[in-house]
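Colleague: After the sequence you'll find the predicted model.
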Amino acid sequence: MVVLDRMYSEYMKLALFGKDIDASRADIKRLGFDIVSEKPEMVLTFGGDGTFLKSEAAYPGVPKALIKRSPTCRLCVELPFDEVLSRIRWGDYSTHEIPKLEVCAGGKRWHALNDVVVKNANPRHAVRFNVNGLGTAYTNLIGDGLVVATTLGSTGYFKSITKRIFNKGIGVAFNNTSEYFDPVIVPEESFSMEVTVTRGPALVYADNQEDEVLLNDGDRIEIHLSEERAQVLTFDQ
């Protein structure tokens, strides 16, 4: 946990992201904030977990205050909006850092806050693949692929496959493989893995981002801990 000792500032540049943001603009400007779309000092996201993921892709590493517009938002602030703005203005908040993953495949490199998914591109056919870097070599796996999740992502697709969550490290879940394998939890500081598709096609994508890479026989995916971290504002409530 990192506590920001921020003095009152007459000008702070905020970006707004998500749904129903127009109704909040007047309150934000009334307290002296500048609303910007580029190079913000902070981002207010209006929505739920999915909005948070999209906002992190749009503004990576910028501190974010999550304003609840969804009943399923786990990290959203449970305070009146005016109070959130006032506390931000006076620096009365802390930031919680969340690890991110970096994935490299097909000449493309991008980041994931929730999870990285490797999946059979054709639902009629399983994908075959090898996995290295988890302490044990997994060879000739046959199934729907795998999910690599952060602690934040452990409550999503990872939990659907494994029926469990985790609070430390990076988790790898094998998705509907012909031979069952327990999920693997690796400490963040030592996490790095490689997936080789031996019979595709397969897809790899991150979070709810639109980008994806098609993988064919012999293609590799590298996944490791990113140097980037997401920052979420927290308030003593």
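Modeller: Yep, that arrived. Residues are numbered from 1 along each chain as shown.
Colleague: where's the residue nearest to the spatial centre of the chain relative to Cys76, distance?
Modeller: Closest residue to the average C-alpha location of the chain: Leu113 at 1.6 Å, with Cα atoms, centre = their mean. Spatial separation of Leu113 from Cys76 under the definition Cβ to Cβ, to the nearest Å is 15 Å. For the C-beta atoms, the positions are set from N, CA and C on the backbone; glycine is no exception.
Colleague: do Asn167 as well
Modeller: Using Cβ to Cβ, Asn167 is found at 19 Å from Cys76.
Colleague: just for this protein, where's the confidence low?
Modeller: For the chain, applying pLDDT under 70 flags the ranges 1-11, 237.
Colleague: and if we set it to 50?
Modeller: Flagging of the chain using pLDDT under 50 yields the residue ranges 1-7.
Colleague: What residue spans form the domains of it?
Modeller: Domain ranges of the chain: 2-92, 100-228, per automatic domain parsing.
Colleague: Adding distance to Phe235, write these out as TSV.
Modeller: Formatted as TSV, the entries for those read as follows, by distance: least, Cβ to Cβ, whole Å:
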stretch	distance to Phe235
domain 2-92	6
domain 100-228	19
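Colleague: Quick check: which of those is nearest to Thr234?
Modeller: domain 2-92 (8.2 Å; Cβ to Cβ).
Colleague: if we can go back for a sec, okay, the domains of the chain, which one's buried deepest?
Modeller: Each of the domains of the chain was scored by mean neighbour count; the highest is domain 100-228, a mean of 18, by mean count of other Cβ atoms under 10 Å.
Colleague: just to revisit the earlier point, tell me how far the residue nearest to the centre of the chain lies from Met12.
Modeller: When distances are taken as Cβ to Cβ, Leu113 and Met12 turn out to be 24 Å apart.
Colleague: Next: Leu66.
Modeller: The gap separating Leu66 from Met12 is 17 Å, by Cβ to Cβ.
Colleague: where exactly do the helices run in the protein?
Modeller: Per DSSP state H, the chain carries helices over the ranges 25-30, 49-58, 81-90, 157-162.
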